[in-house]
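Novice: Provide a 3D model corresponding to the input given below.
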Amino acid sequence: MTSDPLRTLEALRPDAGAGELWPQHLQAAARARILATTTEPAPAPRPRRRVGAVCLAAALLTAGGLGVAAAAGMMPAAFTDHYSHWRNPPEPGTPAVDPAAAARIGSVPGPDGTVFSVMVAPGADGMRCVTSVFETVASAALPGPDEFIDLGNRCRQGPEDWGALGDGAGTFVVGGYGESLGGVPISRGWTYDAAAGTAVRAEIRTNTGQVLPTILADGSFFGWYPTPTAGSPRPVLTGYAVDGTIVDSFEIG
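Specialist: Just a heads-up that it's a prediction; the model follows:
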């Protein structure tokens, strides 16, 4: 064994007669096959990942586009038609409000299996319109009411914290006049809204001990209560601060 590479190669050189073991016509055929294989261009690799990413992006854009389009028309026509007057404010220069822009601020159980909800629609320059409704359970599952009773609505500008707890409290009788939702008659009761002041939560307690929740929206508490029996004490609204302490209590109705 030698460490000289030239001597090693010389020792491995085949005998002069070794070529006879591989005839010329077979050598020519082999060379032709080798040349045909090496000169044919290989197909370009398919960019599988990139195509997949493009398809995924297209799918996301399509889904997003459909979502936006659906959201733009999701507010039921029953709601937008009923509050179409928000688009035409009575005072010149007052910003219009599109009822289709309304959002459900909150919902609580209402009378006779209904749902009490508050909707707020924002406008330009701090204008907003607010309404409370009784609606069916199926309606409450939608972005906006489609089967409901209007319990009163208002539009205004200015700050939300416009008064102390209970300021401007107003009540509105509802039910007992043949109104119904989903074929179910609505019992006679009262709805209200009252300034929240510094309170962040409030509840109504009736003379029977029933405690009913409220909804805080646009600086006011909204809610309802059943009509008290004749001669019984009026319901009491109690407001609570962030730390849970009582801000104030007062009779309502």
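Novice: Strands of the chain, residue ranges please.
Specialist: 103-109, 115-122, 128-135, 148-156, 170-174, 180-181, 184-185, 189-195, 201-205, 211-213, 215-217, 220-226, 236-240, 246-251 (DSSP state E).
Novice: what's the angle from the fourth one to strand 189-195?
Specialist: Strand 148-156 and strand 189-195 meet at an angle of 20 degrees, taking axes from the mean of the first three to the mean of the last three CA atoms, to 10 degrees as the criterion.
Novice: One more: the fifth one?
Specialist: Orientation of strand 170-174 against strand 189-195 (the same axes, to 10 degrees) gives an angle of 160 degrees.
Novice: Direction included, what does strand 170-174 pair against?
Specialist: Using DSSP bridges, the strands paired with strand 170-174 are strand 189-195 (antiparallel).
Novice: which residues are contacting the partner strand?
Specialist: 111, 116, 132, 151-152, 162-175, 202, 219-227, 237, 252-253 (CB atoms under 8 Å, 6 or more residues apart in numbering). (Glycine included, C-beta is placed from N, CA and C.)
Novice: Buried ones from the residues you listed, can you make that a ChimeraX selection?
Specialist: Listed next is the ChimeraX selection for buried residues among these, using 16 or more other CB atoms under 10 Å:
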select :111,116,132,151,152,164,165,166,169,171,174,175,202,219,220,221,222,223,224,225,226,227,237,252,253
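Novice: Pull up the gap between the residue nearest to Ala194 when sequence neighbours are not counted and Pro143, please.
Specialist: Leaving aside its chain neighbours, Ala194 sits nearest to Ala169 (3.7 Å; criterion: CB to CB, 6 or more residues apart in numbering). Distance of Ala169 to Pro143, computed by CB to CB, to the nearest Å: 30 Å.
Novice: Could you do Phe250 as well?
Specialist: With CB to CB as the criterion, Phe250 and Pro143 are 35 Å apart.
Novice: Who has more neighbours out of those two?
Specialist: Ranked by neighbour count (other CB atoms under 10 Å), Phe250 and Pro143 place Pro143 first, with 17 against 13.
Novice: list the contacts for that one?
Specialist: Residues near Pro143 by CB under 8 Å, 6+ apart: 71, 74-76, 104.
Novice: Low-confidence regions, the stretch 51-200 of the chain specifically.
Specialist: Scanning the stretch 51-200 of the chain for pLDDT under 70 picks out 51-73, 161-162, 176-177.
Novice: what about 50?
Specialist: Confidence mapping of the stretch 51-200 of the chain against pLDDT under 50 gives the ranges 51-72.
Novice: Would you mind pulling the contact partners of stretch 76-85?
Specialist: With contact meaning CB under 8 Å, 6+ apart, stretch 76-85 is reached by 99-100, 102, 119, 121, 129, 131, 139, 142-148, 150, 153.
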